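Q: predicted model and sequence follow; I will ask about them next.
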Amino acid sequence: MSKKGTYYVTTPIYYPSAKLHIGHTYTTVAADVLARFKRFTGYDVKFLTGTDEHGEKIQKAAQEKGVTPQQHVDEIVSDIKEIWKSMEISYDVFLRTTGEDHKKAVQNIFQKLYDQGDIYKSSYEGWYCTPCESFWTETQLKEDKGCPDCGRPAHLAKEEAYFFKLSQYQDRLIQYFEDHPEICYPESRKNEMLSNFLRPGLEDLCVSRTSFDWGIQVPFDPKHVIYVWFDAVCNYITTLGYGSDNKEEYDKYWPANVHIVGKEIVRFHTIIWPAILMALGEPLPKMVYGHGWILFGSDKMSKSKGNIVYPEPLIERYGIDALKYFLLREFTFGHDGNYTNRVFLNRLNSDLSNDLGNLVSRSIAMIEKYNDGIVPEAKAEGEFDQNLREVVTSAAEKVEEAIDKLQFHDGLEGIWKIIRRVNKYIDETTPWILAKDEENKATLDTVMYNLADSIRIISVLIKPFMEATTKKIWTQLGAEGEVGLQWKDTMEFGKLPAGTKVKKGEALFPRLDVEKEVEALEKINEEYLQQINGGKKEEEAIEIEPKEEITIDDFSKLELRAVEIIKAEKHPKADRLLVLQVQVGQEVRQVVSGIAEHYKPEDLVGKTVILVANLKPVKLRGVESRGMILAAANDEKLVLGTLDEKIPTGTLIS
Ligand code: MSP
């Protein structure tokens, strides 16, 4: 075991129901940075992620696709693993709840709780939200019977079921919240759990289902499957061998140091999961952190609305480090934040290109210019040196403190403060003026050394966040091996050996033309969305406002006929109107139609469309119209109703 001990960090296990977007990436990137930081600072780390593969939602999605649930999840899970690989996520274990070991362990846990009376059989009637796989009481529902978590409609469901005696743990949980505030961070979420759930009173939790079968069977009553959230939360310990014959890893890593979860699943992690652990007689996780959501223009991300951002195009164009940096710097962990391409690009330009990129490139360029690329010895002491050293070496402690509290944005801000300090040092010491006079050589050398060593410290500080950038800086700095490149070395100045040869490389983060990039990104994201939707852009479901019912007699008053457009021209007085001549059997009719913004006259000739033939004739801007052509239209688009095969004109449509 390492000197510092163990550190166990987990992400939620993701539903393999749809492609993961940057909201999911956010949770995982945060856990990844934490894991990297802890490894770097000497801990024996276990970093767990995985997939939550059971439940009705998954079963339905598979049915819709016409494949088995297992085939469905296998396909998406391999896609999820690909994303994590392309983002260099450093997880140690990827748990799938369909794995045999996990299933057996969950059954053992369920059996144990049943044997000791914590799980009992009864029947359940309540409001069920299928997308969230959650039962709710009537009082918990929103006004319109919507699910309190996702807002979608819940429906009444009744089934024979097993229950977990959650209510019995209420007092112990409240006490635990009081004694261990870190069981639910940030503070605001803890208060929410106490006032919305714990204090009003807990009801026993329904932990089995019979309405579908894609789940882990209750070992002693196989027509029931175990509730997917019970199955899912257990992953945190089944991964370590709990519930099997070999729980060596469990003894080593449990309790987890932190479960990182999104705000909407805090309840499962700070109430249900701790109660299960209490029933098992096991210790509770040391911290559960509920972060906020990344919103898209103040809306929840949604594929159907097209307001969703996937990590792949961003990584491909700007690199993994840019995305990781942005996610953890822009948003305050714990709060919601808004994503826009512009905010992303501005952040890249100001922090990565201007502050960090510039510092490295101009410092290396100066060492090349003033000292043939050799880092000189610091021989003189200048006016600004002492302060520079103090500021630069004091960052690590604050960064460490911030990361321990999962305040990644503060940690990064702490590092960027020193980056800006070092940039200011260049302005203060004006090396280009020093270089004009040989007498200043010792001072100039000192400035060059201080710049190089500051960059060494910065490169080490950013390592848990941006490993690839760190490595690029080391190459440019000529920093080799382990000397001066450990976390503790950031607290000491002077670790870069004088005589090191630097080498200018490519710009770390080339400056972006934000306007151009905003345009490019919009196009790229749209194309990407279309590509993953199989070429079709998914459309938002339209809310239907029904009109008054009509009888078949009402309908039969309409005379709808197939007609062919034989001539089309612009209306002489109105830009929005076209004047059409349509063939209706033997007759040619003139119809004026408001479709000029959507169709060119020449594209219409030859189309068979639908005419309301018995509409009273009217004059539209002085031109007579005898009938109306049918079209589907919304604010942006208009499409003519056509017939999918040729049929003689004049044929009645009914
Ligand atoms: N399967 C459950 C977790 C079980 S853990 C024992 C689940 N899966 S999920 O795929 O729906 O969500 C996983 C995580 O992604 C959640 O923490 C959720 O908050 C996070 N995010 C999903 N969309 C998000 C944003 N738009 N922004 C930030 N995080 C979001 O819940």
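A: Cool, got the structure.
Q: which strands or helices does whichever strand or helix holds Ala442 pack on?
A: Secondary structure from DSSP states H and E places Ala442 in helix 441-461. Helix 441-461 sits against helix 358-371, helix 385-393, helix 395-404, helix 408-429, helix 431-434, helix 467-477, with contacts defined as 3 or more CB pairs under 8 Å, 6 or more residues apart in numbering; DSSP states H and E. Every residue, glycine included, has its C-beta placed from N, CA and C.
Q: closest to Lys503 out of those helices?
A: Nearest to Lys503, of all the helices and strands packed on helix 441-461, is helix 467-477, at 5.9 Å by CB to CB.
Q: what's that closest one in contact with?
A: Residues from elsewhere that reach helix 467-477 (CB atoms under 8 Å, 6 or more residues apart in numbering): 36, 88, 319-321, 356, 360, 364, 452, 455-456, 458-460, 462-463, 479-480, 485, 496, 500, 502-505, 508.
Q: among the helices and strands packed on helix 441-461, which is nearest the ligand?
A: Closest of the helices and strands packed on helix 441-461 to the ligand is helix 408-429, at 13.7 Å (criterion: CB to the nearest ligand atom).
Q: between the closest one and helix 441-461, how big is the angle?
A: Here helix 408-429 points in a direction 170 degrees away from that of helix 441-461 (axes from the mean of the first three to the mean of the last three CA atoms, to 10 degrees).
Q: near the ligand, anything from the helix or strand containing Tyr128?
A: Here Tyr128 is covered by strand 119-129, with elements defined by DSSP H and E. No. Strand 119-129 stays clear of the ligand (CB under 6 Å from any ligand atom), getting no nearer than 12.9 Å.
Q: give the buried residues for that strand.
A: The neighbour-count check on strand 119-129 (16 or more other CB atoms under 10 Å) flags Ile119, Tyr124, Gly126, Trp127, Tyr128, Cys129 as buried.
Q: contacts for that strand, please.
A: Contact with strand 119-129 is made by 110, 113-114, 134-138, 140-141, 145, 147, 149-150, 152-165, 206-207, 221, as judged by CB under 8 Å, 6+ apart.
Q: just the buried ones among those, please.
A: Neighbour counting by 16+ other CB under 10 Å classes 110, 113-114, 134-136, 140-141, 147, 149, 154, 157, 159, 161-165, 206-207 among these as buried.
Q: what about these, which are in strands?
A: Within the buried ones among the contacts of strand 119-129, residues falling in strands by DSSP state E are Ser134, Phe135, Trp136, Ala157, Glu159, Ala161, Tyr162, Phe163, Phe164, Cys206.
Q: just give the nearest non-adjacent residue to the fourth one, would you?
A: I take that to be Ala157. Leaving aside its chain neighbours, Ala157 sits nearest to Tyr128 (4.2 Å; criterion: CB to CB, 6 or more residues apart in numbering).
Q: tell me the bridge partners for the one you found.
A: For Tyr128, the beta-bridge partners under DSSP bridges are Phe135, His155.
Q: and the helix or strand of the chain with the lowest mean pLDDT with the ligand, contact?
A: The helix or strand of the chain with the poorest confidence is strand 134-136; it has a mean of 80 (mean pLDDT, DSSP states H and E). No. Strand 134-136 stays clear of the ligand (CB under 6 Å from any ligand atom), getting no nearer than 10.9 Å.
Q: what helices and strands are in contact with that strand?
A: Strand 134-136 sits against strand 119-129, with contacts defined as 3+ CB pairs under 8 Å, 6+ apart.
Q: let's see 10 Å
A: Contacts defined by 3 or more CB pairs under 10 Å, 6 or more residues apart in numbering; DSSP states H and E place strand 134-136 against strand 119-129, strand 155-164, strand 205-206.
Q: in a markdown table, list these along with mean pLDDT and distance to Val309.
A: Listed next are the helices and strands packed on strand 134-136 as a markdown table, based on pLDDT from 0 to 100; distance: least, CB to CB, whole Å:
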| stretch | mean pLDDT | distance to Val309 |
| --- | --- | --- |
| strand 119-129 | 89 | 26 |
| strand 155-164 | 89 | 32 |
| strand 205-206 | 93 | 35 |
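Q: local confidence estimate at Glu526?
A: pLDDT recorded at Glu526 is 87.
Q: same check, this time on Ser304
A: With respect to pLDDT, Ser304 has a value of 69.
Q: circling back to that earlier point, so how far is the helix holding Ala442 from its chain's centroid?
A: The chain centroid and the centroid of helix 441-461 are separated by 38 Å under CA atoms, centre = their mean, to the nearest Å.
Q: up against the ligand, what does this structure have?
A: Within the chain, the residues that sit near the ligand (CB under 6 Å from any ligand atom) are 12-15, 23-24, 26-27, 52, 232-233, 235, 261-262, 264-265, 293-294, 301.
Q: can you list contacts of the least confident helix or strand of the chain?
A: 124-129, 140, 142, 145-150, 154, 157, 159, 161, 203, 205-206, 209, 227-229, 267-268 (CB atoms under 10 Å, 6 or more residues apart in numbering).
Q: pretty sure Ser78 is touching Gln71, no?
A: No. In this structure Ser78 lies outside contact range of Gln71 using CB atoms under 10 Å: 11.3 Å.
Q: before we move on, back to that, select, out of the helices and strands packed on helix 441-461, the one closest to Val93.
A: The closest of these to Val93 is helix 467-477. By CB to CB, the value is 20.1 Å.
Q: now do that closest one against helix 441-461, angle only.
A: Using the same axes, to 10 degrees: helix 467-477 against helix 441-461 is 160 degrees.
Q: so which residue of the stretch 301-450 of the chain comes closest to the ligand?
A: For the stretch 301-450 of the chain, CB to the nearest ligand atom, closest residue to the ligand: Met301, 4.7 Å.
Q: what sits against the spatially closest residue to that residue that is not a sequence neighbour?
A: Nearest residue to Met301, sequence neighbours excluded (CB to CB, 6+ apart): Ile308, at 4.6 Å. Contacts for Ile308 were tallied using CB under 10 Å, 6+ apart; they are 18-19, 21-23, 296, 299-302, 339, 525, 528-529, 532, 538.
Q: mind doing that once more with 7 Å?
A: With contacts defined as CB atoms under 7 Å, 6 or more residues apart in numbering, Ile308 is in contact with His21, Phe296, Met301, Ser302, Leu529.
Q: quick one: contacts for the second one?
A: Under the criterion of CB under 7 Å, 6+ apart, the contact list for Phe296 reads Asn307, Ile308, Val309, Tyr339.
Q: same question for the first one.
A: Going by CB under 7 Å, 6+ apart, His21 touches Met301, Ile308, Val309, Tyr310.
Q: was I right about the last one contacting Gln530?
A: No. Taking CB atoms under 7 Å as the definition, Tyr310 is not a contact partner of Gln530, at 11.9 Å.
Q: between the two, which one's more packed in?
A: Tyr310 (20 against 14; other CB atoms under 10 Å).
Q: all good on my end, thank you.
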